[in-house]
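Participant: need a structure here:
(2 chains)
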Amino acid sequence: DAMVIQNPRYQVTQFGKPVTLSCSQTLNHNVMYWYQQKSSQAPKLLFHYYDKDFNNEADTPDNFQSRRPNTSFCFLDIRSPGLGDAAMYLCATSTTGGIQYFGAGTRLSVL
Amino acid sequence: GQQLNQSPQSMFIQEGEDVSMNCTSSSIFNTWLWYKQDPGEGPVLLIALYKAGELTSNGRLTAQFGITRKDSFLNISASIPSDVGIYFCAGQRDTGFQKLVFGTGTRLLVSP
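Facilitator: Prediction:
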């Protein structure tokens, strides 16, 4: 049974058109993460929520934002996608100090 | 950001062969993790190691947490075609926010 669920699995958007990716979890974990992964590179952390507290990585572009309306859901908003934002976006969850469990990812294409 | 040195970068082996890959760091970690990522999918946890010197198995997989806490290895015995994928090590510290530091990945190809 999927425990970290990402929708959609594939998303195509146009250059500059806002897009939202979603993540939900059935693990009741208090920490949720968003990663960007490009062509077989290691995942790169964009930001995480520790409960309701949002924590941005220093090098995450302003173009990327996130919302966590409740424990189970977290959204990644890309305000004005550029060609360089085409990537796999991974959501992960954990307990405090615990192991991170990843979703299957959303592959974003920007035309 | 920091990345762990993972080797080899890629391996192409015959089905049935054993495989070994390792990960090294210049700094200490309290937890070492090994993930496998299939094409188009997210990373899946294979093995978690919590104690220096710990040796843990999961089926055909065996991983060890180095005594110095700066390295870890993963062995796969009797490889099969479904072992194909990218293997990432990741280190985690206990202090402050537990950000994962990933290795550069090992791409494994298995020929039937």
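
Participant: report the contact partners of residue 60.
Facilitator: The chain I'm using is chain A. By C-beta atoms under 8 Å, 6 or more residues apart in numbering or on different chains, the contact set of A:Thr60 is A:Leu46, A:Phe47. Bear in mind the C-beta positions are built from the backbone N, C-alpha and C, glycine included.

Participant: meant chain B, my bad for not saying
Facilitator: B:Arg60 is in contact with B:Ile76, B:Ser77, B:Ala78, B:Ser79, counting by C-beta under 8 Å, 6+ apart.

Participant: repeat for A:Asn63
Facilitator: Residues in contact with A:Asn63 (C-beta under 8 Å, 6+ apart) are A:Ile78, A:Arg79, A:Ser80, A:Pro81, A:Gly82, A:Asp85.

Participant: quick check on these: which are buried?
Facilitator: In terms of neighbour count (16 or more other C-beta atoms under 10 Å in any protein chain shown), the buried residues within the contacts of A:Asn63 are A:Ile78, A:Pro81, A:Asp85.

Participant: which of these fall in strands?
Facilitator: Counted as lying in strands by DSSP state E, out of these, are A:Ile78.

Participant: chain B next: which of the buried ones among the contacts of A:Asn63 are close?
Facilitator: Contacts with chain B within the buried ones among the contacts of A:Asn63, counted by C-beta under 8 Å from any C-beta of the partner chain: none were found.

Participant: between the buried ones among the contacts of A:Asn63, which is closest to B:Thr106?
Facilitator: A:Asp85 (26.9 Å; C-beta to C-beta).
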